[in-house]
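# This is the structure alone, sequence omitted:
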């Protein structure tokens, strides 16, 4: 009895979580573009998107920001995880690594804006990248540290004992073992940066040349409900879901082996 | 080079980045908060506590309290939905639990703006919910369910529910199943076991999830902005306005500091709470 | 169902997917006895225990308590209690609250509960620890709390799942005595599940040896050790030497060793094995007089254990070396008078291994 009620509750919860997303996805194929009346299947909103130079430019900007900030954050975050895990546990360092994950984005956004303004840094894609690396380092580091919790440090000593130097040991032993975690962290970082709005909004500067996709979406939403948003939402959701799916699979392999 | 030095070298670039692009900017905000707004939006370096005093004025205090109220309601509702959902997942066959959990978390990692936008589509006057209710003859006039507290709370619950489920599930998972069996064995019916064993021992998970939702809700900007339609002012929007419209950076900085202070207070309380709970169960097998 | 049976299992079977964990087990537990379910991990003993406690339902068969069918009676309503392997003490309650929990479930009056809790705290020497949380207790103290928590309910049967597994060797020996004392004092039927044969031998009045979901032998400890009925029983309980061969009149014919005497009523030529315990073997330089089976070999290993010495003897004509256990330094062995004045054994030494025909057992399964 109770079990059945719980299962029903869980089903409703999934309905609550996925219903709104599914509605958007279905509407993106609605010819009329109206949210409520189904007037037939159509791909025209996707075509409209593909024809919009502003949206394509924003998409390109987003990809540049996401890729560059992911590469930097994955490198620094992995090294950081390796360094931190072998040191005595420090509450200060743990707090520093936890802060970017929990600090309200609006606060980090205005802090970075103040910082760049004070130093008279010209704003643009580069300042978005510098800012995105902040929270991405924290997430990559967290994922890699989880991986390192199961890491048998004796294999490093074994490699050195067998005659390998530090660098060879890292390349041939450490990195291959933690690689699933590193990749999972990178995918996560890419997704986060790809979707991030507020910090990008504050650190992008005034020019349209550094508008990212989420910034574009925000202004479209403020403008009103339009069918193109549904199409774009569907594409972005599918990209995110795919990335997160692979990230999770890697992560699971990471924990279970 | 000894191993402590070597690990410091590995950690240094990352820690350095966080210091330059997080700690230093936050310190700047800290200093800004003690100065005055210039005539054209710049900063006048006259030291004082005026910004904090101003934040305590009724108009701003009520925004803080209003934000706290909305965040608290969202937290409460999220926990009420999340606990039975997490419990249901923990009862599922072991090999399926990870999949169920993944399905819970999946929306959480997708675009926040889009997830919030979906509710505009559902809740507006011409939206699916009003059309459906109207079509079924339950209502004659569209319900005003968008651009109010209800919409903002719904959006917050929707966006942060997955994390609460995850946190509660994790604490249910850590619970030794033999404890529940022991309670049954000693004669307790299922609901007594739940109230006296399961619930008290999973409260740290509930607390972790609740603090997370509350903290992210009270400092939220997008949800009140989009689903509140500018009518619902929360701390996040207030800070946004100070920086982008009112151009009173020092006051915005002071508001940010207060927000961070509230957040740290909550996290600290929760950490103490969890620590106590962990000490109580430090037994290797208890 | 035998008269005086507290619990009676009839053809109890439990399957998990395609795996039969418990396979048609029938057994009666006698009032007030200390019963042990012994077997290797995966033999079904824990599943059987959990079915008696009410946490699993049998797919077939029935469990009766005092003649009453227990099917459909939840674990919380059976007058049977379980001491969990992990002890499962409630970490958020102190010792006193843990112990009173079960009585609160019976809705007894507050005074009555307090009185009985005080009493059992006294009996288990826990009075001084009443307000400690489980995390503040040692392993042995936790075990006593778990025991008190179950015993205070005055169950008809107390089930104990690997009760001493988590304790170190010294403490284990102490707690074995404690368990026996409490069982005697309370007069409750105890059923202990264990994979540790020594624990079963020390604690139990009767032992059910389980393998592959079935009870393969049910006997008193001494009988189980001295008269194993299967190769599995002989090898699981203690150490033994097994010689594979074929039955002949009055013994067994082993290829390479020739005939050995033993009580054997099998048809000549049928396959069987001879089991001889290491401590039943007597070593001597020369072959002793009639009345013994004897094989010769060379000592290849000596392990000194303080109170005894384990030797390995490579037997001429037989592949598997023989295990022999003797008192150290060749001191006189009380069981035999054959080796007075013998000296210490050395690796490489050639010896004769002797045992009386009565000390060998012929096994078919």
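All right, it came through fine. What you are looking at is a predicted structure, and each value in this text was computed from that prediction instead of being measured.
# quick one: pLDDT of residue 194?
Going with chain A. Listed pLDDT for residue A:194 reads 91.
# Sorry, I should have been clearer: chain C.
On the pLDDT scale, residue C:194 gets 92.
# shouldn't it be in contact with residue C:202?
No. With contact defined as CB atoms under 8 Å, residue C:194 does not count as touching residue C:202 (10.2 Å). For every residue, glycine as well, the C-beta is placed using N, CA and C.
# Other residues contacting stretch B:142-149?
Residues outside stretch B:142-149 that contact it (CB atoms under 8 Å, 6 or more residues apart in numbering or on different chains): B:70, B:73, B:119-120, B:123-127, B:129-130, B:133-134, B:151, B:227-232.
# related to what we said a few turns ago, so residue C:194 and residue C:202 - more neighbours on which side?
residue C:194 (22 against 17; other CB atoms under 10 Å in any protein chain shown).
# Would you mind measuring from that one to residue C:146?
Distance of residue C:194 to residue C:146, given as CB to CB, to the nearest Å: 16 Å.
# Would you check how far apart residue C:220 and residue A:81 are?
With CB to CB as the criterion, residue C:220 and residue A:81 are 60 Å apart.
# out of these two, which sits in the busier spot?
residue A:81 (28 against 13).
# and that one, what pLDDT?
pLDDT, residue A:81: 92.
# what about it, is that helix, strand or coil?
helix (DSSP: H, G, I helix; E, B strand; the rest coil).
# I figured it hits residue A:148, correct?
Yes. In this structure, residue A:81 is within contact of residue A:148 by CB under 8 Å, at 6.0 Å.
# Run through chain A and note the low-pLDDT ranges.
A:1, A:33-37, A:225, A:251-257 (pLDDT under 70).
# mind running it again at 50?
Along chain A, the parts satisfying pLDDT under 50 run over A:255-257.
# ok, residue B:189 - contacts?
So residue B:189 contacts residue C:76 (CB under 8 Å, 6+ apart).
# Relative to residue C:149, how far out is it?
From residue B:189 to residue C:149 the distance is 18 Å (CB to CB).
# Also residue C:159?
13 Å.
# again with residue B:132
Taking CB to CB as the measure, residue B:132 falls 55 Å from residue C:149.
# Ok, residue A:86 next?
Distance, residue A:86 to residue C:149, by CB to CB: 44 Å.
# more crowded one of those two?
More neighbours surround residue C:149 than the other of residue A:86 and residue C:149, with 30 against 18 (other CB under 10 Å).
# So the helix or strand where residue A:181 lies, near chain B or not?
Using DSSP states H and E, residue A:181 sits in helix A:175-195. Yes. Counting by CB under 8 Å from any CB of the partner chain, chain B has neighbours in helix A:175-195: A:188, A:191, A:195.
# could I get those residues as JSON lines with neighbour count and distance to residue A:28?
Listed next are the residues of helix A:175-195 next to chain B as JSON lines, based on neighbours: other CB atoms under 10 Å in any protein chain shown; distance: CB to CB, whole Å:
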{"residue": "A:188", "neighbour count": "25", "distance to residue A:28": "26"}
{"residue": "A:191", "neighbour count": "23", "distance to residue A:28": "20"}
{"residue": "A:195", "neighbour count": "24", "distance to residue A:28": "18"}
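# Out of the residues you listed, flag the one nearest to residue C:293.
Closest approach between the residues of helix A:175-195 next to chain B and residue C:293, by CB to CB: residue A:188, at 72.5 Å.
# quick one, what contacts that closest one?
Neighbours of residue A:188 in contact, by CB under 8 Å, 6+ apart: A:139-140, A:143, A:243-244, A:247, B:109.
# can you pick the most crowded of the residues you listed?
Tallying neighbours with other CB under 10 Å puts residue A:140 at the head of those, with 31 neighbours.
# What strand or helix carries that residue?
helix A:125-149.
# Could you name the helices and strands sitting against that helix?
helix A:53-86, helix A:91-102, helix A:105-118, helix A:175-195, helix A:198-203, helix A:227-256, helix B:3-18 (3 or more CB pairs under 8 Å, 6 or more residues apart in numbering or on different chains; DSSP states H and E).
# Now do the next helix or strand after the last one against helix B:3-18, angle only.
Downstream of helix B:3-18, the first helix or strand assigned by DSSP H and E is helix B:24-32. Calculated by axes from the mean of the first three to the mean of the last three CA atoms, to 10 degrees, helix B:24-32 forms an angle of 60 degrees with helix B:3-18.
# Give the other helices and strands that helix B:24-32 contacts.
Checked by 3+ CB pairs under 8 Å, 6+ apart, helix B:24-32 has helix A:105-118, helix B:249-280 packed alongside it.
# in stretch B:243-258, what's buried?
Buried residues in stretch B:243-258, counting neighbours by 16 or more other CB atoms under 10 Å in any protein chain shown, are found at B:243, B:248-258.
# contact partners of that stretch?
So stretch B:243-258 is in contact with A:106-107, A:110-111, A:113-114, A:202, B:29-30, B:32-37, B:40-41, B:43, B:51-52, B:54-55, B:60, B:64, B:235, B:238-239, B:241-242, going by CB under 8 Å, 6+ apart.
# before we move on, what about stretch C:303-310?
Counting by CB under 8 Å, 6+ apart, C:278-279, C:302, C:311, C:323-329, C:345 sit against stretch C:303-310.
# Just the endpoints, please. Distance across it?
One end of stretch C:303-310 to the other measures 5 Å (CA to CA, to the nearest Å).
# Just the strands from the stretch 251-365 of chain C, written as ranges.
All strands of the stretch 251-365 of chain C, identified by DSSP state E, counting those that start in this stretch, fall at C:251-254, C:258-261, C:271-276, C:282-284, C:293-304, C:309-315, C:322-326, C:350-355, C:360-363.
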